[in-house]
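Asks: Model the structure of this input:
(one chain, ligands or ions: 2)
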Amino acid sequence: MKSGAHSGKVEFKPMEELPATFEMGRFPKSLGDHVTINLMFWFNYFHIEARYMEQKKIRIYRFRISMRGRGSIWRKIDIRGDQTFGDLDRIIRISFNLDTFDHLSEFYGGKQWYRSGFGSINPLGEGEGADLRIDSIGLGTGSKIGYIYDFGSETHFYVTLQQVLEEEINEDNFPRVVSENKKKEYYCSDCASSGKKTIASMECWACSENAGKLVYLCGKCAESEKHEDHLMDDIMN
Ligand SMILES: [Zn+2]
Ligand SMILES: [Zn+2]
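Replies: Ligands and ions are numbered 1, 2, ... in the order given. Predicted coordinates:
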């Protein structure tokens, strides 16, 4: 009997000529082996899957940060647990319109920053306290820490952990501002004294100290002779 080009002669290949993968197939030998292999496979599958899921879930810390003495000025900021206080410092500076090229800052626990500081942070995001991870100091919902910006002017902020969210996220735009106070409009004190209503953009520190309240100025008045040697800042809002 003939089929195609082959004669009736059947060629058997010896085991040694089988591909390597087949050689490995000496196992399984029995039904028991099959069951073992299957169990191992599924165990590994779920184990890896579970670990993968775990890795995708990231802890997000939601902080509310408000200015001491001016509580109406606040930001809510989301930051990942594996990010650092250097990262938090950076977004506080940006979102509150503080300096990003000058002045040191520091986070602290308790009430006295100079005793319980986590280490200073410079505007480049370096310094003793910069590499400390957010999730490394045992913060829980409601935890309060402090933040001081600029050891000269000593602007203090309250930093309260409002929530720890465990989320699956793919995007990486953290830290980020999730909400903030409604911006107010302030009018220039100098213009007001001559009956004009002008939107202010600056705060004059020297005049504020003399007046015992914040003195706001428009850009034009801020440059006038009256305030020549006065320290000023952009309006905090
Ligand atoms: Zn003015
Ligand atoms: Zn002034």
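
Asks: contact partners of stretch 77-84?
Replies: Residues outside stretch 77-84 that contact it (C-beta atoms under 8 Å, 6 or more residues apart in numbering): 58-63, 65, 87-88, 91-92, 95, 130-135, 164-165, 174-178. For glycine as for every other residue, the C-beta is placed from the backbone atoms N, C-alpha and C.

Asks: quick one: low-confidence parts of this protein?
Replies: 1-29, 48-56 (pLDDT under 70).

Asks: just the buried members of the contacts of stretch 77-84?
Replies: 58, 60-63, 65, 87-88, 91-92, 95, 130, 132, 134, 174-175 (16 or more other C-beta atoms under 10 Å).

Asks: ok so Glu203 is a strand residue?
Replies: Yes. Assessed with DSSP: H, G, I helix; E, B strand; the rest coil, Glu203 lies in a strand.

Asks: That one against Leu231, yeah?
Replies: No. Contact criterion C-beta atoms under 8 Å: Glu203 and Leu231 do not qualify, at 9.5 Å.

Asks: Between the two, which has more neighbouring residues?
Replies: Glu203 (19 against 13; other C-beta atoms under 10 Å).

Asks: tell me the contacts of that one?
Replies: Contacts of Glu203 by C-beta under 8 Å, 6+ apart are Leu214, Val215, Tyr216, Leu217, Met232, Asp233, Asp234, Ile235, Met236.

Asks: can we see that at 10 Å?
Replies: With contact set as C-beta atoms under 10 Å, 6 or more residues apart in numbering, Glu203 has these partners: Tyr186, Leu214, Val215, Tyr216, Leu217, Ala222, Leu231, Met232, Asp233, Asp234, Ile235, Met236.

Asks: Just to be sure, which of those residues are found in helices?
Replies: Here DSSP state H is the test, and the contacts of Glu203 give Ala222 as lying in helices.

Asks: Buried among the contacts of Glu203? Make that a ChimeraX selection.
Replies: The ChimeraX command for the buried members of the contacts of Glu203 (criterion: 16+ other C-beta under 10 Å) is given here:
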select :186,214,215,216,217,222,232,235
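
Asks: quick check, nearest of the contacts of Glu203 to ligand 1?
Replies: Leu217 (5.6 Å; C-beta to the ion).

Asks: Close to ligand 2: what parts of this protein are there?
Replies: Contacts of the chain with ligand 2, taken as C-beta under 5 Å from the ion, map to Cys204, Ala206, Cys207, His227, His230.

Asks: Tell me the bridge partners for the first one.
Replies: When bridges are assigned using DSSP bridges, the partners listed for Cys204 are Val215, Met232.

Asks: The closest residue to Gly146 other than its chain neighbours: what's it in contact with?
Replies: Distances taken as C-beta to C-beta, 6 or more residues apart in numbering place Tyr108 nearest to Gly146, at 4.8 Å, with adjacent residues excluded. Counting by C-beta under 10 Å, 6+ apart, Tyr108 touches 114-119, 129, 145-148, 156, 159.

Asks: distance of Tyr108 from Gly129?
Replies: Between Tyr108 and Gly129 the computed distance is 9 Å (C-beta to C-beta, to the nearest Å).

Asks: Can you pull the residues that touch both of the two?
Replies: Gly117, Phe118, Gly119.
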